[in-house]
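K.L.:
only geometry, no sequence info:
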């Protein structure tokens, strides 16, 4: 169980670093930065897809949807920028 959680954390951490580097890159499209702002608003907003009042599911939607949205946004970046981010991540 611990190995699975540590592997999941490694994947999410790598995506988070690439997302951060993409945000700071001047070649990043405006839509990417607006979508990143939308993710932050969704994270901080009291309005969720599944309300946090539901004990387990309320937190799980944030833990699942945000990494999936980050990965989806990273996949839509220009190919040259994706290659640079992958090279930087190693």
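P.N.:
That came through, no problem. What you are looking at is a predicted structure, and each value in this text was computed from that prediction instead of being measured.
K.L.:
mind showing which ranges of this structure have poor pLDDT?
P.N.:
Flagging of the chain using pLDDT under 70 yields the residue ranges 1-11, 52.
K.L.:
Could you check how far the spatially most central residue of it is from residue 58?
P.N.:
Closest to where the C-alpha atoms of the chain average out (Cα atoms, centre = their mean) is residue 70, at 2.7 Å. Here residue 70 is placed at a distance of 20 Å from residue 58 (Cβ to Cβ, to the nearest Å). (Each C-beta comes from the backbone N, C-alpha and C, glycine too.)
K.L.:
What distance do you get for the residue nearest to the centre of the chain to residue 64?
P.N.:
11 Å.
K.L.:
Break down this protein into its helices, ranges please.
P.N.:
Using DSSP state H, the helices found in the chain span residues 2-24, 30-44, 57-75, 79-89.
K.L.:
Mean neighbour count, those: which tops it?
P.N.:
Across the helices of the chain, the average number of neighbours (mean count of other Cβ atoms under 10 Å) peaks for helix 57-75, which reaches a mean of 14.
K.L.:
That one packs against which elements?
P.N.:
Judged by 3 or more Cβ pairs under 8 Å, 6 or more residues apart in numbering; DSSP states H and E, the packing partners of helix 57-75 are helix 2-24, helix 30-44, helix 79-89.
K.L.:
can you do 7 Å?
P.N.:
helix 2-24, helix 30-44 (3 or more Cβ pairs under 7 Å, 6 or more residues apart in numbering; DSSP states H and E).
K.L.:
just checking, what packs against the last one?
P.N.:
Going back to what we said before, that points to helix 30-44. helix 2-24, helix 57-75.
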